[in-house]
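Student: Take this sequence and fold it.
(chains A and B)
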Amino acid sequence: MLDAVGVASVDDLFADIPSAVRAGEWDVPSPLSEQEVRAELARLAERNRIPTVSFLGAGAYRHLIPSVVGEVIGRSEFATSYTPYQPEVSQGTLQSIYEFQSLICELTDMEVATASHYDGATATAEAALMACRVTRRSRVAVSAGLNPDYRRVLETYCSGPGVEVVTVPVDLSEGGDGTTDPAASGGLDEVACLVAAQPNFYGQLEPMRELADAAHGEGALFVAVVEPTSLAVLQAPGSYGADIVAAEGQPLGIPVSFGGPYVGLMAARMASVRQMPGRLVGATRDVQGRRGYVLTLQAREQHIRREKAASNICTNQALMALAATAYLTAVGPSGLREVAELSMAQARHLAGALESAGLAERRFGGAYLNEVVMRVPEAARRHAALAEQGIVAGHLLERGEAELRDTLLLAATELTADDDIARLIDALEATR
Amino acid sequence: MSYPDDLRYSKEHEWVRVEGSRATIGITSFAADELGDVVFVELPEVGAALSQFGTFGVVESVKAVSDLYAPVSGEVVEVNEALRESPELLNADAFGEGWIAKVELSDTAELDGLMDAAAYADETA
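Tutor: Residues are numbered from 1 along each chain as shown, chains lettered A, B, ... in the order given. Modelled structure (predicted):
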């Protein structure tokens, strides 16, 4: 074969690669038998410390995942297929994405949803850039109550096109309500959008309609970043004037697993559909009048518009979107409401138990959903001590804002057992 | 093919009709035919400042999405609102009802660099 292509040796095929960037010698161990590999992996796995009780949320939430979700996404037609580039022959994939989009529109009360994004943070950043295209402005205002990881990703996305990011403060004062103050911002002049989260990073419920009105008053769009299961009990973003909705879809049937793969959700109004990033599946009829699915409005996308595409830095997460679709279909509207209500109830049980044991008190007033900021004396020391015992006492907030020293952000879901709460109380008692 | 004699034409297939200090601009019938059925026109905003040969909008057909290039510099004083609901006017009447925007010219000398109908006919032959 070397003769056929006209080279003397395999090395000649790599002649164009400068020697300075070649890998050189690899320092890898010698080959092992399958039995030895298994033993080595088992040894490594034993170093994992898997908590037996966790109150960690902060953007990712443990929920019961019905077995049917794994069954559906494990089917080889879905599990092994890449995003369809000759899409119309993949009617099954397109239909599953269309169902997903329909469910997201119903949940959010919006008119159009994309085929999905990498995760909640990138969907949020894409929403901010989309608002810049719609309004032809190049500043965005972001609530300090948005997940700090999302804020960092958004800043990275905005740094390329030169979009300025301004922060709208959250009231972190003692006994304050921990929400975004649209009046305190004063910085909404000429912004493309205001981005705010419901519930916010501190679990607090934001005055979304007021925030939407403040944005619209400045000719800006309102971007609502939501937690999808909460939409079973909270107002839908479409009803309080959100122009774009972005969300992390992980709580919908996707396990918490070292950060991914997750799935980003995005929905918007039809008026701005041409500025939406990424793929959209539409339903239509073929020449014989039969229902069929297509990738619609593709002309905005990068394989046609190249550098002028609505976005060159996104794709869809079809398999994770399918997991969300299977989850929502399995639990149904009443099941999702139960999930949200049980999570709320357990969060109240958790906060109440900590308060009545005299171990902690709520740091903020106002309303919360399934996650709550508690003041705990010597939080850092005790958080570390509990971790040693396999109890994750939520997220230590003093790693972020200095005002939040000695506070923990604790989450509950329907998987939070009363026994888990009792173990947390006992362990905290023991570290007094 | 022949084109209206009272217009000036750009290499990017836009036309200009000058009336005093104002100009009406659009895309040529040649461009509209090449694009195929136009399904959407993204219009500039009234008040936007156009610079000659800079982009000022987008036209989307069933085949492609293409930028609109301003044949002249100036401020947009009016846009053809009818195109929002009826983008097909670009195909049906490119030099008439399919006009895109009216511009207050900032430099009439720019017109000298554009083609007349005969030159544009040669260009597209």
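Student: Every contact and neighbour count from this point should use C-alpha atoms.
Tutor: Will do.
Student: Get me the contact residues on chain B for chain A.
Tutor: B:60, B:63-65 (C-alpha under 8 Å from any C-alpha of the partner chain).
Student: Centre-most residue in chain B?
Tutor: residue B:26 (2.1 Å; C-alpha atoms, centre = their mean).
Student: Mind giving me the packing neighbours of the helix or strand harbouring it?
Tutor: Assigning secondary structure by DSSP states H and E places residue B:26 in strand B:22-27. In terms of contacts (3 or more C-alpha pairs under 8 Å, 6 or more residues apart in numbering or on different chains; DSSP states H and E), strand B:22-27 is packed against strand B:14-19, strand B:101-105.
Student: ok, now which ones touch the residue of the stretch 301-432 of chain A found nearest chain B?
Tutor: Nearest residue of the stretch 301-432 of chain A to chain B, counting by C-alpha to the nearest C-alpha: residue A:305, 6.8 Å away. Neighbouring residues of residue A:305 by C-alpha atoms under 8 Å, 6 or more residues apart in numbering or on different chains: A:299, B:65.
Student: Out of the residues of chain B next to chain A, which sit inside strands?
Tutor: B:60, B:65 (DSSP state E).
Student: Which of the residues of chain B next to chain A ranks first by neighbour count?
Tutor: Among those, the one with the most neighbours (other C-alpha atoms under 10 Å in any protein chain shown) is residue B:65, at 23 neighbours.
Student: As JSON lines, the helices and strands packed on strand B:22-27 with mean pLDDT and mean neighbour count would be great.
Tutor: Output for these, formatted as JSON lines (pLDDT from 0 to 100; neighbours: other C-alpha atoms under 10 Å in any protein chain shown):
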{"stretch": "strand B:14-19", "mean pLDDT": "95", "mean neighbour count": "22"}
{"stretch": "strand B:101-105", "mean pLDDT": "96", "mean neighbour count": "23"}
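Student: Of all those strands, which one is nearest residue A:309?
Tutor: For residue A:309, the closest of the helices and strands packed on strand B:22-27 is strand B:14-19, at 22.6 Å, according to C-alpha to C-alpha.
Student: Now do the buried residues in the host helix or strand of residue B:57.
Tutor: Using DSSP H and E, the element containing residue B:57 is strand B:55-61. Neighbour counts over strand B:55-61 (16 or more other C-alpha atoms under 10 Å in any protein chain shown) mark B:56-61 as buried.
Student: Spell out which residues of chain A are next to chain B.
Tutor: A:299-300, A:304-305.
Student: Could I get the helices and strands packed on strand B:22-27 in JSON lines, plus columns for distance to residue A:406?
Tutor: Shown next, in JSON lines, are the helices and strands packed on strand B:22-27 (distance: least, C-alpha to C-alpha, whole Å):
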{"stretch": "strand B:14-19", "distance to residue A:406": "66"}
{"stretch": "strand B:101-105", "distance to residue A:406": "61"}
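Student: Nearest to residue A:211, out of those strands?
Tutor: Going by C-alpha to C-alpha, the one of these nearest residue A:211 is strand B:101-105, 35.8 Å.
Student: and the angle from the closest one to strand B:55-61?
Tutor: 160 degrees (axes from the mean of the first three to the mean of the last three C-alpha atoms, to 10 degrees).
Student: so which of the buried residues of strand B:55-61 comes closest to chain A?
Tutor: residue B:60 (7.4 Å).
Student: List the contacts of that closest one.
Tutor: A:299, B:38-41, B:66.
Student: which non-adjacent residue is nearest it?
Tutor: Take residue B:60 and drop its neighbours on the chain: the residue closest to it by C-alpha to C-alpha, 6 or more residues apart in numbering or on different chains is residue B:40, 5.1 Å away.
Student: First-to-last residue distance for stretch B:62-77?
Tutor: 29 Å (C-alpha to C-alpha, to the nearest Å).
Student: Can you tell me, leaving aside adjacent residues, what's nearest to residue 94?
Tutor: I went with chain A, as the question did not name one. Nearest one to residue A:94, counting by C-alpha to C-alpha, 6+ apart, is residue A:293 at 6.0 Å.
Student: Chain B is the one I meant
Tutor: The nearest residue in space to residue B:94 (C-alpha to C-alpha, 6+ apart) is residue B:29, at 5.2 Å.
Student: Contacts only, for the one you found.
Tutor: With C-alpha under 8 Å, 6+ apart, residue B:29 has these contacts: B:90-91, B:93-95.
Student: distance of it from residue B:53?
Tutor: From residue B:29 to residue B:53 the distance is 19 Å (C-alpha to C-alpha).
Student: which residues does the closest residue to chain B within the stretch 201-350 of chain A contact?
Tutor: Going by C-alpha to the nearest C-alpha, chain B is nearest to residue A:299 of the stretch 201-350 of chain A, at 5.8 Å. Residues near residue A:299 by C-alpha under 8 Å, 6+ apart: A:305, B:60, B:63-65.
Student: Which single residue in the stretch 1-150 of chain A comes nearest to chain B?
Tutor: residue A:136 (9.7 Å).
Student: quick one, helices of chain B?
Tutor: B:29-35, B:82-85, B:89-92, B:117-123 (DSSP state H).
Student: Buried residues, the second one. List them.
Tutor: To tie it back to what came earlier, the one meant is helix B:82-85. Result for helix B:82-85 [16+ other C-alpha under 10 Å]: buried residues residue B:83.
Student: residues making contact with that helix?
Tutor: B:40-42, B:89-90, B:98, B:100.
Student: What of stretch A:280-297?
Tutor: So stretch A:280-297 is in contact with A:87-88, A:91, A:94-95, A:97-98, A:101, A:113-115, A:274, A:279, A:298, going by C-alpha under 8 Å, 6+ apart.
Student: Could you check how far it is from the centre of its chain?
Tutor: 30 Å (C-alpha atoms, centre = their mean, to the nearest Å).
Student: Quick one: end-to-end distance for it.
Tutor: 7 Å.
Student: who touches the helix or strand where residue A:130 lies?
Tutor: Applying DSSP H and E as the criterion places residue A:130 in helix A:120-135. For helix A:120-135, the surrounding residues in contact (C-alpha under 8 Å, 6+ apart) are A:117, A:138-140, A:149-151, A:153-155, A:157-158, A:192-193, A:195, A:220-221, A:223, A:225, A:244-249, A:263-266, A:272, A:275-277, A:310-311.
Student: So which of those are in helices?
Tutor: A:149-151, A:153-155, A:157-158.
Student: Can you tell me which of those residues is nearest chain B?
Tutor: Closest to chain B, out of all of the ones in helices among the contacts of helix A:120-135 and judged by C-alpha to the nearest C-alpha, is residue A:158, at 22.3 Å.
Student: was I right about that closest one contacting residue A:151?
Tutor: No - using C-alpha atoms under 8 Å as the test, residue A:158 is too far from residue A:151 to be in contact (10.4 Å).
Student: can you give me the strands in the stretch 301-432 of chain A?
Tutor: With DSSP state E, counting those that start in this stretch, the ranges of strands along the stretch 301-432 of chain A come out as A:361-362, A:371-375, A:391-392, A:395-396, A:407-411.
Student: Just send those back as TSV, with mean pLDDT and mean neighbour count too.
Tutor: As requested, the strands of the stretch 301-432 of chain A are exported to TSV (pLDDT from 0 to 100; neighbours: other C-alpha under 10 Å):
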stretch	mean pLDDT	mean neighbour count
strand A:361-362	96	18
strand A:371-375	97	25
strand A:391-392	97	22
strand A:395-396	96	20
strand A:407-411	97	26
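Student: Out of those strands, the one nearest residue A:237 is which?
Tutor: Among the strands of the stretch 301-432 of chain A, if distance is taken as C-alpha to C-alpha, the winner is strand A:371-375, at 19.8 Å.
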